[in-house]
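Asks: mind looking at a prediction? Sequence and model below.
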Amino acid sequence: MPMQRANFPKSLEAGLNAVWMSNERNFPEEWPRIFERKKSNKAVEEQVLRAGLGAGQIKAEGTTIAEDMGGESWTQRYLNITVALMFSLTQEALEDNLYMDLGRQYMIDLQRAMKETKEIMAANVFNNAFSTSYPIGDGAALLSTSHPLWGGGTSSNKLATPADFSESALEDLLIQIRNCVDDRNLPTPINPKQLVVGNSNYFQAIRILRSMQRVGTTDNDINAIKSVGIFGNDPVVLRRLTDTDAWFVQTDASMGLQYFQRIALQKGGQEDFETGNWKQKSRERWSIGCTNWRALFGSEGA
């Protein structure tokens, strides 16, 4: 149904001091700092994780060399969804508004709405990361203590005992990243890339990452995280995290957090011949998620 003059009664009257629109200011986009952008040319993208060979084995004199084999472990699927929205305004509402170009203002608001969907979906990768209702390709939650390994056994990318964000908890998680293994239970060289927190942990994260000495102690110990230079930037803040206690460390593991763009943002508008109403729409297709669980470690908080 088109927006009519009844939707903007005060905008038809002279004498208003000011008119404020909800799109007056926008936060910078957060998801591009976390997700790797990739192009997509089909409805569904699939990525396969392949297990390599195990460690070499000692060969006794005169015996046959041991043989090993690798294989595919599991597949992650990305379904490109369609996100679209439109609005319409009556010709009279456009003609009689005294304070702003309604069409232009709501076109700006339409683009803001499209960006908001992407921010929400990106944050939901983290919001659902601890839930088995949203498994990744190996059947476990994105953050789990029991990711199955192709060569047998399991591995973890979350603290075994959930902990609120603190210097010691962060150190524990960084140690866990250093101990990470591949699907043959061999050490895998991944490195912490950046810290991802919500609004409630932002200031504590700044203190920990910027302080030269340990935070909140009477000792004169150095801040090992700062001294080693593990993180080269301030934390990334996801304002749409629903669990205020949850926090994460993103690593440089390949095939991790990814955004596939199938169709870039399309915009279009036209006037309806019969009514004179103005219609404007936006549409795009994309998918977002994570393939390799080694790209993200974290804790849901105590």
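Replies: Yep, it's here. Fair warning: this is a prediction, and the values are worked out from it, not measured in the lab.
Asks: and residue 6, what pLDDT?
Replies: On pLDDT, residue 6 comes in at 54.
Asks: before we move on, what about residue 111?
Replies: pLDDT recorded at residue 111 is 87.
Asks: can you tell me the closest non-neighbouring residue to it?
Replies: In space, and not counting its chain neighbours, residue 111 is closest to residue 282: 6.6 Å by C-beta to C-beta, 6 or more residues apart in numbering. Placement of C-beta: from N, CA and C, glycine included.
Asks: buried ones in the helix ranked longest in the chain?
Replies: Longest helix in the chain by number of residues (criterion: DSSP state H): helix 102-127. Applying a neighbour-count criterion of 16 or more other C-beta atoms under 10 Å, one finds 102-103, 105-107, 110-111, 114, 118-119, 121-127 buried in helix 102-127.
Asks: rounded mean pLDDT for stretch 141-156, please.
Replies: Stretch 141-156 comes out with an average pLDDT of 96.
Asks: could you work out the end-to-end span of that stretch for me?
Replies: End-to-end distance for stretch 141-156, by C-alpha to C-alpha, to the nearest Å: 11 Å.
Asks: now do stretch 287-295
Replies: 18 Å.
Asks: what does stretch 262-279 give?
Replies: 25 Å.
Asks: what does it rub up against?
Replies: Contact with stretch 262-279 is made by 2, 40-43, 80, 86-91, 94, 103, 107, 111, 114, 280-287, as judged by C-beta atoms under 8 Å, 6 or more residues apart in numbering.
Asks: how about the helices in the stretch 101-250 of the chain?
Replies: Counting by DSSP state H, counting those that start in this stretch, the stretch 101-250 of the chain has helices at residues 102-127, 167-178, 202-210, 224-228.
Asks: now these as a markdown table including distance to residue 188?
Replies: Formatted as a markdown table, the helices of the stretch 101-250 of the chain follow (distance: least, C-beta to C-beta, whole Å):
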| stretch | distance to residue 188 |
| --- | --- |
| helix 102-127 | 22 |
| helix 167-178 | 10 |
| helix 202-210 | 25 |
| helix 224-228 | 20 |
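Asks: got the contact list for the residue nearest to residue 238 when sequence neighbours are not counted?
Replies: Of all residues not flanking residue 238 in the chain, residue 123 sits nearest, at 5.1 Å (C-beta to C-beta, 6+ apart). Neighbouring residues of residue 123 by C-beta under 8 Å, 6+ apart: 30, 31, 238, 239, 240, 241, 242.
Asks: between these, which has the most around it?
Replies: Tallying neighbours with other C-beta atoms under 10 Å puts residue 238 at the head of the contacts of residue 123, with 23 neighbours.
Asks: is it true that that residue touches residue 30?
Replies: Yes: under the criterion of C-beta atoms under 8 Å, residue 238 lies in contact with residue 30, with a separation of 5.8 Å.
Asks: anything in contact with each of those two?
Replies: Taking C-beta under 8 Å, 6+ apart as the contact rule, residue 238 and residue 30 both touch 122, 123.
Asks: okay, now residue 155: neighbour count?
Replies: Using other C-beta under 10 Å, residue 155 has 21 other residues around it.
Asks: is it correct that it is in contact with residue 184?
Replies: No: look at residue 155 against residue 184 with C-beta under 8 Å: they stay out of range, at 11.1 Å.
Asks: okay, and the common contacts of the two?
Replies: residue 149.
Asks: contacting residues for residue 158?
Replies: Neighbouring residues of residue 158 by C-beta under 8 Å, 6+ apart: 130, 143, 144, 145, 297, 298, 299, 300.
Asks: return the members of the residues you listed classed as buried.
Replies: Those of the contacts of residue 158 that meet the buried threshold are 130, 143, 144, 297, 298, 299, 300, by 16+ other C-beta under 10 Å.
Asks: so what does the helix or strand bottoming out on mean pLDDT in the chain touch, helix or strand wise?
Replies: Ranking every helix and strand in the chain by mean pLDDT, DSSP states H and E puts helix 91-96 at the bottom, with a mean of 80. For helix 91-96, the packing partners by 3 or more C-beta pairs under 8 Å, 6 or more residues apart in numbering; DSSP states H and E come out as helix 102-127.
Asks: the helix it packs on: how far from the chain's middle?
Replies: 15 Å (C-alpha atoms, centre = their mean, to the nearest Å).
Asks: same check, this time on stretch 56-72
Replies: That offset, for stretch 56-72, works out to 42 Å (C-alpha atoms, centre = their mean).
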